[in-house]
Structure formats: C-alpha cells, structure tokens
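1. my questions concern the predicted model and sequence given below.
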Amino acid sequence: MRNRILSYVAEQYGTEPEYLWAKTPDCAVIRHRGNRKWYGIIMDVSRKTLGLSGEGIIDILNVKCSPAVREILLGEGRALPAYHMNKQHWISLPLDGSLDEKTIFALISESYELTK
C-alpha cells in the first residue's frame, strides 16, 4: 500500500516523498510543493508502540482530518490516535489492508485540502 500511496500523491498532487531522517530511512514525508506543509507521513512503527496486539512492525499513514471525521474513524476502530502528531487534528491509518484504497485516498485528499 505504501507504494500505491506514493504513486497516488505523485500523480494527483505532483508530490515526491521526502526521507528526512537517517535513523528512520523508510519514513516518507509528503508535503505541498508550495507552502511545504506536511499533509501526510508514512512510517513503520512497532505494533506495541501503537497499542496494537501482536508482534512486529506495521506501516501507518498519518493524515490531518476534521475533528468530526476523526471521531467517526476512531469510534469505528478504523484509525488510531495520531502517532507523533497532534492527536486533535491528525490520525494514523494502519496500512495493513483493514482500510480500502478509496477511503485512504479520500483521507489523503482531505488532509491535502486542510493543509493548503
């Protein structure tokens, strides 16, 4: 899903991922070309760090969303409180197949608009 997301933002918004930290070389920031604000970040994080059961690492996508959308997705268990971001305005989406591509792309679009 990581590659599909990066292809989508390149096609839709002309965004290329940025790999900013040597300690986390798989962490990809996606941001506006003009104002340089982030509208997403893909990270691989320990399941335990996120409060999820099981062992190992999971890819997540952090996006900004409205508080109403945040509450719905958290309430449905389809998103997690944002990892390393403002938990009032951002959510973490597990990229483990539990969310369909259409939903992920819609949330990326919302985040893009909110950070314009």
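-> Received the coordinates, thanks. Fair warning: this is a prediction, and the values are worked out from it, not measured in the lab.

2. scan the protein for its longest helix.
-> In the chain, with assignment by DSSP state H, the single longest helix is helix 101-114.

3. residue boundaries of the strands in this protein?
-> Using DSSP state E, the strands of the chain run over 28-31, 38-46, 57-64, 80-81, 90-94.

4. partners of the last one, with directions?
-> The pairing partners recorded for strand 90-94 under DSSP bridges are strand 57-64 (antiparallel), strand 80-81 (antiparallel).

5. can I get the first one in PDB, CA atoms only?
-> Looking back up the chat, that one is strand 57-64. These are the backbone C-alpha positions of strand 57-64, laid out as PDB (Å, rounded to 0.1, in the frame of the first residue of the first chain):
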ATOM      1  CA  ILE A  57       6.200  -3.600  12.700                       C
ATOM      2  CA  ILE A  58       3.200  -2.000  10.800                       C
ATOM      3  CA  ASP A  59       3.100   0.700   8.200                       C
ATOM      4  CA  ILE A  60       0.900   3.600   9.100                       C
ATOM      5  CA  LEU A  61      -0.100   6.800   7.300                       C
ATOM      6  CA  ASN A  62      -0.700  10.000   9.300                       C
ATOM      7  CA  VAL A  63      -3.100  12.400   7.800                       C
ATOM      8  CA  LYS A  64      -4.900  15.600   9.000                       C
END
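
6. and the angle from it to strand 38-46?
-> Orientation check (axes from the mean of the first three to the mean of the last three Cα atoms, to 10 degrees): strand 57-64 against strand 38-46 gives 160 degrees.

7. what mean pLDDT does strand 57-64 get?
-> In this model, strand 57-64 has an average pLDDT of 97.

8. what does it rub up against?
-> 1-2, 5, 39-47, 50, 52, 80, 82-85, 89-96, 104, 107-108, 110-111, 114-115 (Cβ atoms under 8 Å, 6 or more residues apart in numbering). The C-beta positions use only the backbone N, C-alpha and C, and glycine is treated the same way.
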